[in-house]
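Peer 1: Next one to model:
(one chain, ligands or ions: 2)
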Amino acid sequence: MAKKLFDYIIHGGDYNPDQWIRTPEIWDEDMRLMKLAHINSATVGVFSWATLEPEEGVYNFEWLDTVLDKMHQNGMSAILATPSGARPAWLAEKYPEVLRTDENGIRRKFGDRHNHCLTSPVYREKVRGINRMLAERYKNHPALKMWHISNEYSGECRCELCREAFRKWLREYYHNDIDELNFKWWNAFWSHSFNSFDQINPPEKNGEDSASALNLAWQRFITDSHISFFENEIAPLREITPDIPVTTNFMRRYNGIDYQKFAEHVDLVSWDNYPAWDKGKNPDEAIEAAFLHDFFRSLKNGQPFFLMESTPSLVNWQDVNKLPKSGINELASIQAVAHGADSVQYFQWRKSRGGDEKFQGAVIDHCGHENTRVFRNVAKIGKTLEGLSGVVGTESNSRVAVIYDWENGWAVNFFRGYNNIRRDYVKECIKWYAPFYKRGISVDVISMQDDFSKYDAVIAPFLYMLKDGTEERIEEYVRNGGSFVATYLTGVVDTDDLCKLGGLPAGRLKEVFGIWCEETDALPEDIPGKAEYNGKTYEVNHICDIIHTKGAKILGEYKSDFYAGMPCVTENAFGKGKAYYAAFRNDKDFADDFCQMLISAESIASDANIICGEDVFLRKRGDNVFVMNFADDEREIIFDKEYINAVTGETVCGRTTLPVCGHLVISCAE
Ligand code: GLA
Ligand code: ZN
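Peer 2: Ligands and ions are numbered 1, 2, ... in the order given. Okay, the predicted model is just below:
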């Protein structure tokens, strides 16, 4: 699939003209307003099934014909959705098997959305059918540029069909050998051995809910079910519109589907970003958003992605939905582009009059006109994006990677032991990402199966699971000159969640890191321990490994408890590289101080030599450097040389002041 689908940044969002079918004059007004707002695309039909097929086999596509024609006449491209995210009442009534069943065997009634069984052959057939109709009808429509498959795939079903599908999946995964499964799940424990795959059920409260290997298998099965559901959806589209790319919108911090696996099946990654701006923590929100952008960008090896949804104003699902100040949504949009987005899209274009989301922010409010703060902000973003079309298709070049591995995240959540309440895997990864981001250093966020060799440093927070081959790849990476940083509880279990034997970190990693770990301690929240690194004292929070060196240099020592005087930070020269072990968790400055040392030791330069104040973030994409002020105050920026403002073409040099939410995109092309 070509990297560059458009020559300009897509600016648009979810558009639901079917909600306004009684007042088609609104569609014309939409076109007028979209042009005014510098909107060039709209995502149509996400939840339109009941309008497209009001009764079984009775179709009504005329409204969509009209809307797509209008969009084309007005220069707008269409991202056309398949409607499987919500089904019509007639479908649920006639084929109840399409609805989800909970773990008590209770089938849900019609309602809500994303309420479908992933296995149901009827639902799969119906979805294929409506998707085929859409593809046949619009295959030559000039507005059609991309398929948006369903919406935010998520959730699970425990109907009999899904239970059977799970057993089938297990049979394949464990080579139809129940003894292999019994061994890998360690089922001699509590007499859990099965005689046959038919005896196995999904994890559930009134059955088995504490077996981490079962939980892990179930999550893998759910991921594969979503992938096969998705493949079923796109089959007619691939056949009829082979040149139109497909995507599905991934979610911010959704845990239920392994996106690192799913991403192989989409042409382009897209995701929905909803940070909680203006709750007093904008810099932290910005760092988390940056981490997630880099995660989604890294899913397809750095290829540009789409920001499929963001709010143009506020959301409706937090406890308190504060209006963000003017400027922050624009800055967030620019940040997405800085990290590799080739689109800025909103949920939603026009606020619905009724239903659950009638107070979710939209470009056009119930007032219906353009004389609003939100509209003006959106139009301004659109204009700015038009000036940035040069970045489309360009990529970043990172010398550092943080491993945030999806399956490891599941395994970390599922085990019982040590500290059961403070695992915070994502937060831990963000903690080790932030020091680089704050210093203007691009970071890729990768899985443990990605290639390490292109990075000078790889940081692997809490890499509890080591999938087959990872141990060897870490060894090879360090031997060949890489710097690898691991933290507490590294390499404890294998792909199947069985504990590795022979001492930690697993296998050869004891040689690579030059340490071995004898015990792991957990600390209550209010009784932290103490450690010293580089002359500074740090709290030991929640969890730490008690380690012995086997050749590694000691960089820090514990200062409390019975392990006072034992090493807590080590560095081991191995082959041409270095392996560092940070054995304790600290929730304040330690990761930042440690990474500063690493950055100096590895001479990792920031993306540009521009001095910015605190909470101003720098990100290079292609030949452009984005400077973004997420602080609550204006900040002075000092340039090391002359640059060109990529949007205005003006020269920038010396000192300048960036206002609150201010941003600047400068070209570094020689
Ligand atoms: C999600 C969904 C949208 C909408 C928004 C509201 O991202 O995909 O349909 O519900 O949330 O914030
Ligand atoms: Zn089901």
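Peer 1: Next, residue 383: phi, psi?
Peer 2: Backbone torsions for residue 383, taken as degrees, to the nearest 10, come to phi -70, psi -40.
Peer 1: Please look at it and residue 38 and confirm they touch.
Peer 2: Yes. Applying CB atoms under 8 Å as the test, residue 383 and residue 38 come out as touching, 5.3 Å apart. All C-beta atoms are positioned from the backbone trio N, CA, C, and that covers glycine.
Peer 1: who's more crowded, the two?
Peer 2: With neighbours defined as other CB atoms under 10 Å, residue 383 and residue 38 compare such that residue 38 has more, 17 against 13.
Peer 1: the longest helix in the chain is where?
Peer 2: Ranked by residue count and defined by DSSP state H, the top helix of the chain is helix 212-240.
Peer 1: That one: what's the following helix or strand?
Peer 2: Using DSSP states H and E, the helix or strand that follows helix 212-240 in sequence is strand 246-247.
Peer 1: Count the residues that sit near residue 542.
Peer 2: By other CB under 10 Å, the burial measure for residue 542, its neighbour count, is 23.
Peer 1: same question, residue 37
Peer 2: 26.
Peer 1: How about it: what's its closest non-neighbour residue?
Peer 2: Nearest residue to residue 37, sequence neighbours excluded (CB to CB, 6 or more residues apart in numbering): residue 379, at 4.6 Å.
Peer 1: The one you found: what's it in contact with?
Peer 2: By CB atoms under 8 Å, 6 or more residues apart in numbering, the contact set of residue 379 is 36-38, 370.
Peer 1: and the chain, which of its residues are near ligand 1?
Peer 2: Applying CB under 6 Å from any ligand atom, we find that the chain lies next to ligand 1 at 151-152, 272, 274, 309, 315, 347, 357, 360.
Peer 1: In strands, which of the residues you listed appear?
Peer 2: By the criterion of DSSP state E, membership of the residues of the chain next to ligand 1 in strands covers 272, 309.
Peer 1: quick one: the helices in the stretch 501-650 of the chain?
Peer 2: Using DSSP state H, counting those that start in this stretch, the helices of the stretch 501-650 of the chain run over residues 509-513, 590-601.
Peer 1: Need the winner for burial among the ones you listed.
Peer 2: Neighbour counts (mean count of other CB atoms under 10 Å) averaged over each of those peak at helix 509-513, with a mean of 24.
Peer 1: CA-only coordinates of that helix, as CSV, when you get a sec.
Peer 2: Extracted in CSV, the C-alpha atoms of helix 509-513 (Å, rounded to 0.1, in the frame of the first residue of the first chain):
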residue,chain,number,x,y,z
LEU,A,509,20.3,-12.7,30.3
LYS,A,510,22.1,-13.2,33.6
GLU,A,511,25.3,-13.1,31.6
VAL,A,512,24.1,-10.2,29.4
PHE,A,513,23.1,-8.1,32.4
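Peer 1: what does it contact?
Peer 2: Contacts for helix 509-513 (CB under 8 Å, 6+ apart): 471, 474-475, 478, 484, 486, 490-491, 503-505, 516, 550, 552, 570, 572, 574, 579-581.
Peer 1: repeat that with 10 Å
Peer 2: 466, 470-472, 474-479, 484, 486, 490-491, 500, 502-505, 515-517, 547-552, 570-572, 574-575, 577-581 (CB atoms under 10 Å, 6 or more residues apart in numbering).
Peer 1: Then stretch 233-246?
Peer 2: Contacts of stretch 233-246 (CB under 10 Å, 6+ apart): 1-2, 5, 79-80, 82, 84, 124, 127-141, 144-150, 153, 230-231, 248, 265-268, 306.
Peer 1: Show me how far that stretch is from its chain's centre.
Peer 2: On the basis of CA atoms, centre = their mean, to the nearest Å, stretch 233-246 sits 24 Å off its chain's mean C-alpha point.
Peer 1: One more: stretch 403-414?
Peer 2: When distances are taken as CA atoms, centre = their mean, stretch 403-414 is centred 14 Å away from the chain's centroid.
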